[in-house]
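S.K.: Sharing a model prediction with you, sequence too.
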Amino acid sequence: MLRAVGLFSRSSLEAPTLFSSLPHQIHLPNPRLALALAVPPQIRTTIFAGFMIGKRTIMAATSTTASPKLLFRQLFEKDSSTYTYLLADVSHPDKPALLIDPVDKTVERDLSLIRDLGLKLVYAMNTHVHADHVTGTGLIKTKMPEVKSVVSKASGARADILIEPGDKISIASLFLELQVRATPGHTSGCVTYVTGDGPSQPQPRMAFTGDALLIRGCGRTDFQSGSPQQLYKSVHSQIFTLPKPTLLYPAHDYKGFTVTTVGEEIQYNPRLTKDEETFKHIMENLNLSYPKMMDIAVPANMVCGLQDLPSKASS
Ligand SMILES: N[C@@H](CCC(=O)N[C@@H](CSS)C(=O)NCC(=O)O)C(=O)O
């Protein structure tokens with residue numbers, strides 16, 4: 001069953017308006033076609049854009065004349081060595097944007113940057129239920145209730161939108177599309193977001209790997225239903241099969257690296273270049289201490305952040 005939810009701008013000159021005559025649920029095989037048909041002729045020249053989540057499409061509109069352009073920022077939270085990623089289409093009049101893996105401690109910084117850049121934050125997404133820090137998605141929603149939180153259905157966590165493997169999240173028409181790939185093993189609900197492979201997509205492709213693949217490393221597999229066998233399979237089947245120049249952006253780095261490529265990790269990753277048995281042995285002997293924040297972070301992240309915990313709500 002196909003579903004499309006619309007938020008439209010009548011032209012690139014007008015402020016975005018909720019196009020109330022458009023049904024919120026459209027059951028047609030092609031959501032773009034469905035929307036094109038549902039929209040009055042005077043705005044049909046608009047290319048329908050926005051965040052398309054698999055069979056479900058959340059739409060914003062962009063002008064055909066605009067030249068698409070990606071704004072990309074890698075942001076760092078030092079206490080947990082976490083990377084947050086900001087992506088936006090700055091060619092769209094609304095400059096729609098999304099955040100991947102925001103951290104509660106740096107929400108103010110990130111929202112201030114988004115304001116400075118004149119972006120409209122639409123999605124606050126997580127790659128998984130983090131164990132070492134509290135996600136910023138819930139806090140963002142207390143400040144900007146219109147922002148939709150996103151996490152995988154397999155994580156069992158709460159969010160506005162529960163994504164599944166194969167779903168596509170697209171921003172600003174054909175320009176920036178994130179494909180959802182299931183990469184369990186660090187946790188059972190881990191996903192990697194990968195930009196599309198069409199000619200209009202950013203080249204080289206980009207993949208946001210969360211904790212599945214770190215630069216010259218990978219996420220640990222000793223809690224949250226972690227499994228070295230599953231992680232090995234995930235990385236080899238879902239990440240190492242991407243084109244070698246694909247840029248890989250992890251959720252953490254502890255050594256000062258910022259980005260790697262598929263080609264580099266296939267050649268140099270000290271864990272994942274090994275055979276599966278050796279990988280399993282490595283992962284079972286990492287002897288890492290549990291993340292300091294784990295007992296707070298995991299329950300909080302299951303409900304999108306600390307602000308949604310019952311004890312907080314009632315205090
Ligand atoms: N010391 C940190 C936690 C460090 C850690 O365990 N990192 C995780 C990702 S966050 S759950 C990991 O998978 N590390 C893999 C590795 O090889 O380091 C803290 O106390 O928070």
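M.R.: Okay, I see it.
S.K.: where does the protein have low pLDDT?
M.R.: 1-68, 172-175, 307-315 (pLDDT under 70).
S.K.: any idea how far whichever residue of the stretch 51-200 of the chain sits closest to the ligand is from Thr192?
M.R.: The ligand sits closest to Asp132 of the stretch 51-200 of the chain, with a gap of 3.6 Å, by CB to the nearest ligand atom. (C-beta placed from N, C-alpha, C; glycine too.) Separation of Asp132 from Thr192 (CB to CB, to the nearest Å): 18 Å.
S.K.: repeat for Ser289
M.R.: 26 Å.
S.K.: what are the bridge partners for Asp89, then?
M.R.: Beta-bridge partners for Asp89, by DSSP bridges, are Leu70.
S.K.: just checking, it touches Ser200?
M.R.: No: between Asp89 and Ser200 there is no contact under CB atoms under 8 Å: 11.3 Å.
S.K.: With neighbour numbers in mind, choose between those two.
M.R.: Neighbour count, other CB atoms under 10 Å: between Asp89 and Ser200, Asp89 has more, with 28 against 12.
S.K.: Within range of the ligand, give me the residues from this structure.
M.R.: 80, 131-132, 211, 217, 219-220, 252, 254, 286, 288, 291-293 (CB under 6 Å from any ligand atom).
S.K.: same thing but at 8 Å, please
M.R.: 80-82, 130-133, 186, 211, 214, 217-220, 251-252, 254, 286, 288-294 (CB under 8 Å from any ligand atom).
S.K.: can you tell me which of these are in helices?
M.R.: Met294 (DSSP state H).
S.K.: In the record's domain split, what are the boundaries for the chain?
M.R.: Following automatic domain parsing, one gets these domains for the chain: 3-62, 70-308.
S.K.: ranking those by burial, who's on top?
M.R.: domain 70-308 (a mean of 20; mean count of other CB atoms under 10 Å).
S.K.: ranges for the helices of the stretch 51-200 of the chain?
M.R.: Here the stretch 51-200 of the chain has its helices, by DSSP state H, counting those that start in this stretch, at 107-116, 137-143.
S.K.: In TSV: these, plus distance to Ser234.
M.R.: Listed next are these as TSV, based on distance: least, CB to CB, whole Å:
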stretch	distance to Ser234
helix 107-116	28
helix 137-143	23
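S.K.: where do the strands sit along the stretch 51-200 of the chain?
M.R.: Here the stretch 51-200 of the chain has its strands, by DSSP state E, counting those that start in this stretch, at 56-62, 70-77, 82-89, 96-100, 120-125, 148-152, 161-163, 168-171, 176-182, 191-195.
S.K.: Could you export those strands as TSV, including distance to Asp110?
M.R.: Formatted as TSV, the strands of the stretch 51-200 of the chain follow (distance: least, CB to CB, whole Å):
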stretch	distance to Asp110
strand 56-62	20
strand 70-77	6
strand 82-89	6
strand 96-100	6
strand 120-125	9
strand 148-152	14
strand 161-163	19
strand 168-171	17
strand 176-182	18
strand 191-195	17
